[in-house]
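**Student:** structure for this input, please:
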Amino acid sequence: MRVVVSAVGADLSAEVSPVFGRCPNYVFVDTATMEFEALPNPAMSAAGGAGIQAAQFAVSKGVQAVITGNVGPNAFNVLQAAGVTLYPVSGGTVQQAVDAYNRGELQPLSGATSAMHGGMGGGMGRGMGRGMGGGMGYAMGGGASGAPAPPPATSSGSSEVDLSELNSTIGALKDQLDQLMKRIDELEKKE
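**Tutor:** Have a look, this model is predicted:
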């Protein structure tokens with residue numbers, strides 16, 4: 001199976017990026033052979049629509065799954081429409097993430113893990129700091145790492161846009177809650 005991992009670097013030892021749409025690189029991996037191809041993210045510096053462009057790029061490369069830190073609703077919807085399954089991770093290397101995927105340790109996402117524009121100026125220590133583990137990824141150990149950052153307190157001036165963004169955030173939070181409840185059930189069954 002061909003998967004893509006959002007990455008900070010360009011090989012299997014690179015750290016997994018905490019964001020999908022604006023990560024520096026994508027490492028495409030054949031899960032059976034571990035052969036990989038690393039490509040820079042053509043949407044990383046996009047003025048807008050980075051998540052959509054990044055998702056379209058991944059789909060165009062024939063992936064069946066995405067492994068990433070956080071993904072916004074636009075990218076999630078594009079990937080879901082293309083039949084691509086998303087798996088969250090928090091931290092670790094590309095190799096560790098793919099190994100966890102191969103062992104069946106990653107749980108598929110049922111929704112976005114960050115609010116609209118969650119990657120704008122965030123991640124890697126810039127801006128408001130969103131994207132640095134703020135989503136609910138399952139690390140190799142299986143624990144949740146937190147909740148998505150709330151939307152900015154500033155208003156866009158359009159109540160329709162604000163309402164849409166708030167509804168998107170609510171949807172992401174509901175999906176996160178579902179994922180957390182499933183994980184709690186799994187852990188309780190093991191005890």
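**Student:** drop to CA atoms for contacts and neighbour counts, all remaining ones
**Tutor:** Fine.
**Student:** what's the spacing between the closest residue to Asn41 other than its chain neighbours and Gln96?
**Tutor:** Residue nearest to Asn41 in three dimensions, not counting chain neighbours: Asn25, with 5.0 Å by Cα to Cα, 6 or more residues apart in numbering. With the distance defined as Cα to Cα, to the nearest Å, Asn25 ends up 17 Å from Gln96.
**Student:** who has more neighbours out of these two?
**Tutor:** Here Asn25 and Gln96 are compared on neighbour count by other Cα atoms under 10 Å; more neighbours surround Asn25, at 26 against 19.
**Student:** one step back: how far away is the residue nearest to Asn41 from Lys190?
**Tutor:** As defined by Cα to Cα, Asn25 lies at a distance of 37 Å from Lys190.
**Student:** next, the contact list for Cys23, please.
**Tutor:** In this structure, Cys23 makes contact with Ser6, Ala7, Val8, Ser17, Asn41, Met44, judged by Cα atoms under 8 Å, 6 or more residues apart in numbering.
**Student:** which residues does the residue nearest to Thr93 when sequence neighbours are not counted contact?
**Tutor:** For Thr93, ignoring the flanking residues on the chain, the nearest one in space by Cα to Cα, 6+ apart is Glu15 at 4.2 Å. Glu15 makes contact with Ala7, Val8, Gly9, Gly91, Gly92, Thr93, Val94 under the criterion Cα under 8 Å, 6+ apart.
**Student:** now the buried members of those residues.
**Tutor:** Among those, those classed as buried by 16 or more other Cα atoms under 10 Å are Ala7, Val8, Gly9, Gly91, Thr93, Val94.
**Student:** among the residues you listed, which pair sits farthest apart?
**Tutor:** Within those, two members stand farthest from each other by Cα to Cα: Gly9 and Gly91, at 13.1 Å.
**Student:** okay, now the unreliable bits of this protein?
**Tutor:** Under the criterion pLDDT under 70, the flagged ranges of the chain are 115-176, 178-179.
**Student:** would you map the helices across it?
**Tutor:** Listed in chain order, the helices found in the chain under DSSP state H are 50-60, 73-81, 94-102, 159-190.
**Student:** so for the second one, what gets flagged as buried?
**Tutor:** In terms of neighbour count (16+ other Cα under 10 Å), helix 73-81 has its buried residues at Pro73, Asn74, Ala75, Phe76, Asn77, Val78, Leu79, Gln80.
**Student:** now do that helix against helix 50-60, angle only.
**Tutor:** Interaxial angle of helix 73-81 relative to helix 50-60 (axes from the mean of the first three to the mean of the last three Cα atoms, to 10 degrees): 20 degrees.
**Student:** helices or strands up against helix 73-81?
**Tutor:** In this structure, helix 73-81 makes packing contacts with helix 50-60, strand 85-88, judged by 3 or more Cα pairs under 8 Å, 6 or more residues apart in numbering; DSSP states H and E.
**Student:** list the neighbouring strands of the shortest one plus their orientation.
**Tutor:** Looking back up the chat, that one is strand 85-88. Here strand 85-88 is paired, per DSSP bridges, with strand 65-68 (parallel).
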